[in-house]
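Q: 3D model of this:
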Amino acid sequence: MRLEGDRMKLYNTLTKKVEDFSTNEKGIVAMYTCGPTVYHFAHIGNLRTYIFEDILQKSLEYLGYEVKRVMNITDVGHMTSDGDTGEDKMQKGAEREHKTVYEIADFYTKAFMNDIDKLNIKLPGIVEKASDHIDTYIEMIQKLLEKDYAYQAGGNIYFDVSKFPNYYELSGKSGEDLLVGVREDVEEDKSKRNPADFGLWFTLSKFENQVMQWDSPWGRGYPGWHIECSGISYKYLGEYLDIHCGGVDNIFPHHTNEIAQSESFLGHKWCNYWCHGEHLNDNTGKMSKSKGEFLTLSLLESKGYEPLVYRLFCLNSHYRSQLVFSYEAIDATKNAYQKLLGRTAFIRDNRFGEKELDKIEKYEMEFKRALENDLNTANALTTLYDVLKSDCTNETKFCLIESFDRVLSLGLLKEEKLEYELEQYIETQIQKRNEAKKQKQYELADKIRSELLEKGIELKDGREGTTYTIKK
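A: Presented below is the predicted three-dimensional model:
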């Protein structure tokens, strides 16, 4: 029986509305998030989804829930087309770099883990490689065949979508809608009963040169992409999920197929809440690896952007709103982040006064209300800025910053990060001031000096250049 939770409200893609959140087991959230296909670096659009999922988990924990979160690493079975056509992405990556599939998977898994660490994303408690759970997929496929939800054709095993009446419920579209615009140059598998039927297991009849292969009752081959998430979720979280997350591009066909095969296998409703993060776009549209050069976190770093600047950039927008990336926008965020670090550094180093418990309770309640409102991170940041501008004691402000950063994870009070970022900020401002003086823009130079002084940073001009001291 479902037990009512607290005041958290989340938009549910399945029902197309914001709903009160409740869990199957009181106080415990069973949460599954689709992981990366490790054939290439993650681009920053991919990483926006993982930031959203991280905020969701940390918000739930901040509100008192225990979160059991599982994520997969797709290292086999994901085709270049999400509709199970084209080449295996891992195989394509191996051919591109003249490495083995296993070398590609290992390298890009480590690269992904490095990216999420830099972004202060909490690693899920359980992270599992798809290739490690072949027996689970075979067990599920056998049962789907026994229940007549699946069939064998052309040497492969397919799920028959006509046997699942609510197949299009998540996407909110019909089969005809989703077939409009299908590329004519994609070779359709003529052995399938219905165009939307999807692969559960592929044998050598489809890709005889596939490197990753396993024995199965239907011949040597490998699993389809969709069965992997269902299998790993079932093994580690059981028969009932509270939340399943991913990007909006996962809605169809990936999550649609997960629902069909999981509920057919289990015989009951599987997941109550489906939460999806919107696209990050650039000036040419949706970001994609297929465009050739694409924006990675490492590329941003090489251009002088600290990874947590990108995290703040994402938090300024709602996870369900499309976000447009530009260097002008990220520059503005970088400046805001440097100022934020400067202000929090001053508060950290000047902690005075008593803890004002009534004010701590007031602002924490405002912060919680923002999170409970379908993860309104922009309003949560507004609460942080309200605290910084308030007449609270610095001890009170410090406690609130520390509290809020458990969710925001912007590294606001880490001493090493603060000192490094503050130093970078001051040096940048000094360079701007020097340039203004060269251009005889003395009013601008004085303004920069005054703004730094307001932050407790005093500049001194001398023969060897400009130095500074930070007032404690």
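Q: any low-confidence regions in the stretch 101-250 of the chain?
A: Within the stretch 101-250 of the chain, the stretches with pLDDT under 70 are 175-189, 204-209.
Q: let's see 80
A: The stretch 101-250 of the chain contains residues with pLDDT under 80 at 174-190, 204-211.
Q: Tell me which stretches of the stretch 351-472 of the chain form strands.
A: 457-462, 465-470 (DSSP state E, counting those that start in this stretch).
Q: what's the last one in contact with?
A: Read that as strand 465-470. 346, 349, 422, 426, 430, 433-434, 452, 456-460 (CB atoms under 8 Å, 6 or more residues apart in numbering). For the C-beta atoms, the positions are set from N, CA and C on the backbone; glycine is no exception.
Q: so which of these is the most crowded?
A: Arg433 (22 neighbours; other CB atoms under 10 Å).
Q: mind listing the strands for the stretch 101-250 of the chain?
A: 126-129, 150-153, 156-159, 198-203, 221-223, 241-247.
Q: what comes up buried for the first one?
A: This points to strand 126-129. Val127, Glu128, Lys129 (16 or more other CB atoms under 10 Å).
Q: so which one among the contacts of strand 465-470 has the lowest pLDDT?
A: Minimum pLDDT for those is recorded at Leu422 (75).
Q: For Trp274, which three-state class applies?
A: Here Trp274 is recorded as strand under DSSP: H, G, I helix; E, B strand; the rest coil.
Q: wait, isn't it in contact with Lys16?
A: No. Counting by CB atoms under 8 Å, Trp274 does not reach Lys16; the two are 10.3 Å apart.
Q: Could you check which of those two has the larger neighbour count?
A: Trp274 (22 against 10).
Q: Can you give me the distance of that one to Thr15?
A: Look at Trp274 and Thr15: by CB to CB, to the nearest Å, they are 9 Å apart.
Q: Can you check which residues contact both of these two?
A: By CB under 8 Å, 6+ apart, no residue touches both Trp274 and Thr15.
Q: model confidence over stretch 251-258, on average?
A: Mean predicted confidence for stretch 251-258 is 96.
Q: which other residues reach it?
A: So stretch 251-258 is contacted by 13, 34, 82-83, 159, 167-168, 170-171, 173, 178, 196, 198, 225-226, 229-230, 244, 246, 274, 276 (CB under 8 Å, 6+ apart).
Q: who touches stretch 168-175?
A: By CB under 8 Å, 6+ apart, stretch 168-175 touches 13-14, 16, 161, 167, 178, 194-196, 251-252, 255-256, 259, 274.
Q: In contact with Ala445: list those residues for me.
A: Ala445 neighbours (CB under 8 Å, 6+ apart): Arg433, Ala436, Lys437.
Q: what's the burial count for the residue nearest to it when sequence neighbours are not counted?
A: Nearest residue to Ala445 in three dimensions, chain neighbours excluded: Ala436, at 4.2 Å (CB to CB, 6 or more residues apart in numbering). Other residues near Ala436 number 18, with proximity taken as other CB under 10 Å.
Q: I'd guessed Ala436 sits against Ile448; true?
A: Yes. Contact criterion CB under 8 Å: Ala436 and Ile448 qualify, at 6.9 Å.
Q: Mind giving me the PyMOL select for the contacts of stretch 251-258, buried ones only?
A: Selection of buried members from the contacts of stretch 251-258 for PyMOL, criterion 16+ other CB under 10 Å:
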select buried, resi 13+34+82+83+159+167+168+170+178+196+198+225+226+229+230+244+246+274+276
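Q: Setting the sequence-adjacent residues aside, check what's closest to the residue nearest in space to the middle of the chain.
A: When CA atoms, centre = their mean is applied to the chain, the residue found nearest the centroid is Tyr50 (1.3 Å). In this structure, Tyr50 finds its nearest non-sequential neighbour in Ile121, 5.5 Å apart by CB to CB, 6+ apart.
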